[in-house]
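Student: Predicted model follows, preceded by the sequence.
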Amino acid sequence: MEPTQPPQPPPSPQGGWPAPGPYTSPGGPYAAGPYGQPGAPGPYGQPGRTTNGLAISSLISGIVCCLPPLGMVLGLIALPQIKKKDQAGKGLAVAGIVLSAVSSLLLVVGLVTGAIGSAVDGFKKGVDEASRTKSPFSLRTGQCFGDDGKLKDYAEEVEIVDCAKPHDGEVSGSFKLTGYDKWPGESEIEAVAEKRCETVNAAYALDTWAVPVDVWVYYYMPSSQSWRLGDRTVTCAFASEDGSFSGSVRSDATTLTADQEHFLKAVNPIEAAGSREPEDDPDEDFAANREWSAEMLAAIDEARKGLKKHYWPGASTAPVAELGKELDAAMKQWRKLAGAADADAYWEAYETAWDTLPEDLGAKARKGLGLTDTPPVQEGPSSSA
């Protein structure tokens, strides 16, 4: 295309255009203001209707149902405001009123029938159960628990229960495994746990006669998986695999009197040493039996000394003194047993040594001190006529 010259503007009238007035656009024939003529819609139209806030609140309250009457009240207040101010939200207010009315009706029915009380009780029960469900390694000394695995499998959860109610176990204490740079294996941990938990349990339940005969040393130990996460805790407990038991077995300084504690700490080592008698008889392992008899002799000697140096009050005075005399006599025979030269001499002194040792280790003294005076007895199977 050929280049063309742009059209020239028309010449201005002589003297120029008139100066723009206060309401006249330059060169324009109209006196329109910046938003158009008075009363005419501007470039963005008229402002839209607002939604009543109480109507929105009424609907929300009706849906949430926390305070059923609140939504109804808000809706009833919102309706006249909407009409007066020409606002939107009438449908929201009506919906809020209806939902609140239904919620209020359900609330009344629930209160009358007791359904709400049952629901609240169920909620509380669920919260309580959740709070009592713990990892075995979060158990604390003195807590009793139920184990759905019945102590046979690795437990991830146990339930804390009142010790007065039936339970599977009672925590006696815990300790940390040390001295291992890597996972030592279950056998190694079991050996350590067995030995140390026996000591922990013995200190927790000094009154051994109060422990049911089918309740034994038990422990929760780290698995190889929890070990990798830093778990090094062994939790010791008294537990029964055959069934649950009721009541706490705790009898230590927190539950015993000073006299009871002194008595039990004096005589318990005799009972503990007696339980460690070698399985092999003197003909098969004379050295082990002789070593064990020396351990028994030391326990008897310490017991009689401990009983004599303590003042025993009230009903315990006479029976404790009698027990001390019996231990004096037993010590002489156990000294012969521990000094036996060979298996034959050992057998000759064996029965006499046991016969002179009080079988009940002071049942009358226990009774005088307010301790359990009857050893636990294994219950046989029940029978019916």
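Tutor: Happy to help now that I have it.
Student: low pLDDT regions in the protein?
Tutor: Residues of the chain meeting the criterion pLDDT under 70: 1-48, 58, 62, 64-68, 71, 110-135, 149-156, 378-385.
Student: Recalculate using a threshold of 90.
Tutor: Applying pLDDT under 90 to the chain flags residues 1-139, 146-160, 213-214, 220-226, 229, 240-244, 359-361, 373-385.
Student: Outline the domain layout of this structure.
Tutor: Following automatic domain parsing, one finds the domains of the chain at 53-113, 134-250, 256-372.
Student: Output these as CSV; include the columns mean neighbour count.
Tutor: C-beta: built from backbone N, CA, C; applies to glycine. As requested, these are exported to CSV (neighbours: other CB atoms under 10 Å):
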stretch, mean neighbour count
domain 53-113, 18
domain 134-250, 17
domain 256-372, 17
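Student: surely Val171 meets Val234?
Tutor: No - with contact defined as CB atoms under 8 Å, Val171 does not reach Val234; the gap is 11.5 Å.
Student: Which parts of the stretch 51-200 of the chain are helices?
Tutor: Secondary structure of the stretch 51-200 of the chain, counting by DSSP state H, counting those that start in this stretch: helices at 53-64, 68-85, 90-113, 115-132, 186-204.
Student: Can you spell out which helices and strands pack onto the longest one?
Tutor: Applying 3 or more CB pairs under 8 Å, 6 or more residues apart in numbering; DSSP states H and E, one finds that helix 90-113 contacts helix 53-64, helix 68-85, helix 115-132.
Student: what helices or strands is the strand or helix carrying Thr352 leaning on?
Tutor: Using DSSP states H and E, Thr352 sits within helix 343-356. The elements that helix 343-356 packs onto, with contact taken as 3+ CB pairs under 8 Å, 6+ apart, are helix 286-308, helix 317-338.
Student: Now tabulate the ones you listed in TSV and tack on distance to Val109.
Tutor: Formatted as TSV, these follow (distance: least, CB to CB, whole Å):
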stretch	distance to Val109
helix 286-308	72
helix 317-338	69
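Student: who wins for proximity to His262 among those?
Tutor: helix 286-308 (7.1 Å; CB to CB).
Student: Could you tell me the angle between that closest one and helix 343-356?
Tutor: If you take axes from the mean of the first three to the mean of the last three CA atoms, to 10 degrees, helix 286-308 sits at 30 degrees to helix 343-356.
Student: returning to that earlier point: save the helices of the stretch 51-200 of the chain as TSV, and put in distance to Val267 too.
Tutor: Shown next, in TSV, are these (distance: least, CB to CB, whole Å):
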stretch	distance to Val267
helix 53-64	68
helix 68-85	69
helix 90-113	63
helix 115-132	38
helix 186-204	13
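Student: Would you mind saying which of these lies nearest Pro166?
Tutor: For Pro166, the closest of the helices of the stretch 51-200 of the chain is helix 115-132, at 14.7 Å, according to CB to CB.
Student: I would like the residues contacting the helix holding Thr352, please.
Tutor: Residues from elsewhere that reach helix 343-356, judged by CB atoms under 8 Å, 6 or more residues apart in numbering: 282-283, 286, 289-290, 293, 326, 329-330, 332-334, 336-337, 340.
Student: one more time with 6 Å
Tutor: Contacting residues not belonging to helix 343-356 are listed as 282-283, 286, 329-330, 333-334, 336-337, 340 [CB atoms under 6 Å, 6 or more residues apart in numbering].
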